[in-house]
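Participant: Got a predicted structure plus its sequence, pasted below:
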Amino acid sequence: MLTQTVTELMKFKRSKMGWIVAFLVMADCFSCFLQLGAKDLTWDMFLNERYMNLWIRPALFTFITGYLFTRDIGLQSAGMLFTYPFRRSQWYFSKLATAAAIIAMLLALSFAMRVLIGLPLLSEPAGFAILSRQFMQLVLTWLIYIGLVPLSACIALWVRSTVILAMASLGILIPGFMLAVMSSEYMNLNPWLLPYLYSHYPSNLPDMPLWDTGLFVTGTVVVLSMLVGLYVYTKKNANYEERA
């Protein structure tokens, strides 16, 4: 599966998404300098990207994961993949692994960029305890996002269009608003809010007890999404070119 994953990474690098990601990285870098204008800014405040996990990253990572599937559908190239001496299930899981690798690289790049910018500009010394604590939060955030990768893939295989996928990626933010309006204790029923809720708890919501129901619901949805996505990719839509 390593060969397929490397192939998917190279295809992503040569696609237009590579330029979009580069632009977003530059925008994130610019936002770092804007954030440095705040008074009494500490390392914990500077490295805590809670609002990125609340608004931008769920939609972005959903789209990136789904794009790995809709790109082949739009180019009608999935049929060629299936002619290689690899099982269709291997291509499916290699795309999931590719999405996890891309997410890891983006999170690590964002963290490293903030550290490099903050070292000469923040008045507070960068202690090992602070950086290690924030790094562990980053790893936790990445693990949660990995859990959402199969759900994003399932959405892409359902919509089968990059344009519709982009709209769906933005639409996943709406349930968070609805659940927050109903009651904040139901917010963790939204899978895409888990990176924000759990990776920065309790500093983000000190008065909100997080219970296990949200994790159970999300875990069930993710497992079902992986099974459904695997079935759709390998069985139901085995010949993409006839369905595109």
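Facilitator: Thanks, I have the structure now. What you see is a predicted model, and the numbers here were worked out from it, not measured in a lab.
Participant: The residue nearest the centre of the chain: which element?
Facilitator: Nearest to the mean C-alpha position of the chain, by C-alpha atoms, centre = their mean, lies Phe61 at 3.0 Å. Phe61 belongs to helix 57-75 when elements are defined using DSSP states H and E.
Participant: what packs against that helix?
Facilitator: Judged by 3 or more C-beta pairs under 8 Å, 6 or more residues apart in numbering; DSSP states H and E, helix 57-75 is in contact with helix 2-14, helix 16-35, helix 88-121, helix 128-159, helix 162-171. C-beta: built from backbone N, CA, C; applies to glycine.
Participant: Among the ones you listed, which comes closest to Leu47?
Facilitator: Leu47 lies closest, by C-beta to C-beta, to one member of the helices and strands packed on helix 57-75: helix 128-159, at 4.2 Å.
Participant: which parts of that closest one are buried?
Facilitator: Within helix 128-159, the residues scored as buried using 16 or more other C-beta atoms under 10 Å are 130, 134, 137-138, 141-142, 144-159.
Participant: cool, stretch 223-232 as well?
Facilitator: Ser225, Met226, Val228, Gly229, Leu230, Val232.
Participant: Tell me how far the last one lies from Val115.
Facilitator: The reference is to Val232. 41 Å (C-beta to C-beta, to the nearest Å).
Participant: Report the distance from stretch 44-64 to the chain centre.
Facilitator: Stretch 44-64 has its C-alpha centroid displaced from the chain centroid by 9 Å (C-alpha atoms, centre = their mean, to the nearest Å).
Participant: That one: end-to-end distance?
Facilitator: 28 Å (C-alpha to C-alpha, to the nearest Å).
Participant: Look at the residue of the chain positioned farthest from its centre and report its pLDDT.
Facilitator: Computed with C-alpha atoms, centre = their mean, the residue of the chain farthest from its C-alpha average is Ser123, at 32.0 Å. Turning to Ser123, the model gives it a pLDDT of 81.
Participant: ok so, going back, quick check, nearest of the buried residues of stretch 223-232 to Ile174?
Facilitator: Ser225 (18.7 Å).
Participant: what residues are up against the closest one?
Facilitator: Pro150, Leu151, Ala153, Cys154 (C-beta atoms under 8 Å, 6 or more residues apart in numbering).
Participant: again, but for Tyr145
Facilitator: Arg57, Phe61, Ala100, Ile103, Leu107, Pro195.
Participant: Next one: the nearest residue to Met17 once chain neighbours are set aside from Arg57, what distance?
Facilitator: Spatial nearest neighbour of Met17, excluding adjacent residues (C-beta to C-beta, 6 or more residues apart in numbering): Tyr67 at 5.7 Å. In this view, Tyr67 and Arg57 are 15 Å apart by C-beta to C-beta.
Participant: Neighbour count: those two, which is higher?
Facilitator: The residue with more neighbours, out of Tyr67 and Arg57, is Tyr67; 25 against 21, by other C-beta atoms under 10 Å.
Participant: doesn't Thr162 make contact with that one?
Facilitator: Yes: between Tyr67 and Thr162 there is a contact under C-beta atoms under 8 Å: 6.3 Å.
Participant: before we move on, the earlier item: gap between the residue nearest to Met17 and Ser161?
Facilitator: Counting by C-beta to C-beta, the gap from Tyr67 to Ser161 is 11 Å.
Participant: quick one: buried residues of the helix holding Phe61?
Facilitator: Residues 57-74 are the ones in helix 57-75 that count as buried (16+ other C-beta under 10 Å).
Participant: Equivalent analysis for stretch 21-39, please.
Facilitator: Under 16+ other C-beta under 10 Å, the buried positions of stretch 21-39 are Val21, Asp28, Cys32.
Participant: Which of the residues you listed lies at the shortest distance from Thr220?
Facilitator: Nearest to Thr220 among the buried residues of stretch 21-39, counting by C-beta to C-beta, is Val21 at 31.0 Å.
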